[in-house]
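# Return atomic coordinates for the entry below.
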Amino acid sequence: MIALLVNMPAAVRAEKLPNPVIILADDLGYGDLGCYGHPSIDGVDMTAMLLGKGPSQRNLMIYYTGDEVYAVRKGPYKAHFTTFAGYSKEPPQKHNPPLLFDLPNDPWERFDIAAEHPEIISDIQHELERYRATLVPGKRQY
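Have a look, this model is predicted:
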């Protein structure tokens, strides 16, 4: 992946810039990458969002630490399967069921709502299973 910095003042006004500090090139629709059906890159074309012509097309985000999935975000919800306390010497803690947070209403992820929304947990777990079924692991780099 290549980080891409774009200066398009005629197309993107300052108040229209997206929140991410780094936008990966495969998310901008340039070249033969994931948004054009590349077999091993899962990019989503974010051009409309960048130009202020539509919302983000990315609805699912997988969070890894090393080669292990720690969390999955789908829409406004984020499920944590494993957590750890920053630079603590404590080992990571696995969660079954996973913790669930409603990010627009709880951006600090303080209030676990998994018990109240088992259907959301089930949906996110199903998305993770679908993702893993199509995943082609790359060569380990560490």
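# For the helix or strand containing Arg130, which outside residues touch it?
Assessed by DSSP states H and E, Arg130 sits inside helix 118-134. Residues outside helix 118-134 that contact it (Cβ atoms under 8 Å, 6 or more residues apart in numbering) are 60, 62, 69, 72, 74, 77, 79, 97-98, 100, 114. Backbone N, C-alpha and C define where each C-beta goes, glycine included.
# which element follows the lowest-mean-pLDDT helix or strand in the chain toward the C-terminus?
Within the chain, no helix or strand scores below strand 23-24, which has a mean of 50 by mean pLDDT, DSSP states H and E. Once the chain leaves strand 23-24, the next helix or strand it forms, by DSSP H and E, is helix 47-50.
# could you check the angle helix 118-134 makes with the longest strand along the chain?
Longest among the strand segments of the chain by residue count, using DSSP state E, is strand 93-102. Put simply, strand 93-102 runs at 120 degrees to helix 118-134, going by axes from the mean of the first three to the mean of the last three Cα atoms, to 10 degrees.
# and strand 93-102, what other elements does it pack with?
strand 77-83, helix 118-134 (3 or more Cβ pairs under 8 Å, 6 or more residues apart in numbering; DSSP states H and E).
# The helix holding Arg130 vs strand 77-83, what angle?
Between the axes of helix 118-134 and strand 77-83, defined by the same axes, to 10 degrees, the angle is 70 degrees.
# what's near enough to touch Asp112?
With Cβ under 8 Å, 6+ apart, Asp112 has these contacts: 99-101.
# Tell me which helix or strand it sits in.
Remark: Asp112 resides in no helix or strand, with elements defined by DSSP H and E.
# Could I get the phi/psi values of it?
phi -70, psi 120 (degrees, to the nearest 10).
# For Gln57, see how far away it is.
Distance of Asp112 to Gln57, computed by Cβ to Cβ, to the nearest Å: 29 Å.
# for Arg132, same thing?
Applying Cβ to Cβ, the value for Arg132 to Gln57 is 22 Å.
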